[in-house]
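*Asks:* fold the following and give me the result.
(chains A and B)
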Amino acid sequence: KQEVTQIPAALSVPEGENLVLNCSFTDSAIYNLQWFRQDPGKGLTSLLLIQSSQREQTSGRLNASLDKSSGRSTLYIAASQPGDSATYLCAVRYADFSSNTGKLIFGQGTTLQVKP
Amino acid sequence: DTEVTQTPKHLVMGMTNKKSLKCEQHMGHRAMYWYKQKAKKPPELMFVYSYEKLSINESVPSRFSPECPNSSLLNLHLHALQPEDSALYLCASSSGGGGYTEAFFGQGTRLTVV
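*Replies:* Numbering: from 1, shown residues only, chains lettered A, B, ... in the order given. Okay, the predicted model is just below:
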């Protein structure tokens, strides 16, 4: 079964800390992996997209890595700020025989609180 | 412009009502998706349209009926819903031609079934 798992489920850190969020997936037949941010009651904002052939992507204070062989991705947030408080979702686009778009499957998310 | 627009933002409907959710994008994307998200849970895939044809239906009950009238528009028709169908309904799009594409999501429609 194609699954995505995220740990930890929740994380609370003081402002300024560097932190790592983890994502694991069960099937290496993936197109790409995408990290999203979701604020309470809102939609999803795309943070980073890593293609299956890439090892990492960076955007500002965010860095995402991908190890397809071990089925793992990490999202590194440098110098965290209170405005980073949100739920972070990892989504894997698995190949699917029924559709050329594949299936974007989400992990349970990590809820981050950054305290001032 | 990476915007996916969903209307309405909020919807309250009775179990005998018929309503529709609307999603629009003008990025030229050829794949569009409906997701359902319950509180404190991840989004769950419902339907995928690729080049205006339904390509994935994740065994969704027939009281949910998707429609893709053109490449920019995606509707979700609702009929005889149950209170447990109350959730945030998210629409997404990505460029067509395969899976190596980035998905963009709308802000969602908060649906309450009474």
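*Asks:* from here on, just use CA atoms for contacts and neighbour counts.
*Replies:* OK.
*Asks:* who's in contact with the closest residue to A:P8 other than its chain neighbours?
*Replies:* Spatial nearest neighbour of A:P8, chain neighbours left out: A:T110 (6.0 Å); criterion: Cα to Cα, 6 or more residues apart in numbering or on different chains. With contacts taken as Cα atoms under 8 Å, 6 or more residues apart in numbering or on different chains, A:T110 has the following neighbours: A:6-11, A:21, A:87-89.
*Asks:* kindly report the same for A:A86.
*Replies:* Going by Cα under 8 Å, 6+ apart, A:A86 touches A:37-40, A:111-113.
*Asks:* and what of A:Q81?
*Replies:* Shown in contact with A:Q81 (Cα under 8 Å, 6+ apart): A:15-16, A:114-116.
*Asks:* which among those count as buried?
*Replies:* For the contacts of A:Q81, a burial check counting by 16 or more other Cα atoms under 10 Å in any protein chain shown picks out A:15, A:114.
*Asks:* in helices, which of the contacts of A:Q81 fall?
*Replies:* Per DSSP state H, helices hold no members of the contacts of A:Q81.
*Asks:* tally of neighbours for B:P42?
*Replies:* By the criterion of other Cα atoms under 10 Å in any protein chain shown, B:P42 has 18 neighbours.
*Asks:* er, B:A87 actually
*Replies:* For B:A87, using other Cα under 10 Å, the count is 17.
*Asks:* nearest residue to it in space, ignoring adjacent ones along the chain?
*Replies:* Residue nearest to B:A87 in three dimensions, not counting chain neighbours: B:K38, with 4.9 Å by Cα to Cα, 6+ apart.
*Asks:* partners of the helix or strand of chain A with the lowest mean pLDDT, with directions?
*Replies:* Ranked by mean pLDDT, DSSP states H and E, the weakest helix or strand in chain A is strand A:99-106, scoring a mean of 83. Strand A:99-106 has the following strand partners under DSSP bridges: strand A:86-96 (antiparallel).
*Asks:* thinking again about what came up before, which of the residues in the least confident helix or strand of chain A are buried?
*Replies:* Buried residues in strand A:99-106, counted by 16+ other Cα under 10 Å: A:99-106.
*Asks:* what residues are up against A:P82?
*Replies:* For A:P82, the contact set (Cα under 8 Å, 6+ apart) comprises A:15, A:113-116.
*Asks:* what about stretch B:10-22, distance to the chain center?
*Replies:* A distance of 14 Å separates the centroid of the chain from that of stretch B:10-22, by Cα atoms, centre = their mean, to the nearest Å.
*Asks:* so, in contact with chain A or not, it?
*Replies:* No - applying Cα under 8 Å from any Cα of the partner chain, one finds stretch B:10-22 out of contact with chain A, separated by at least 11.0 Å.
*Asks:* hmm, back to that, return the closest of the contacts of A:T110 with respect to chain B.
*Replies:* A:L89 (7.7 Å; Cα to the nearest Cα).
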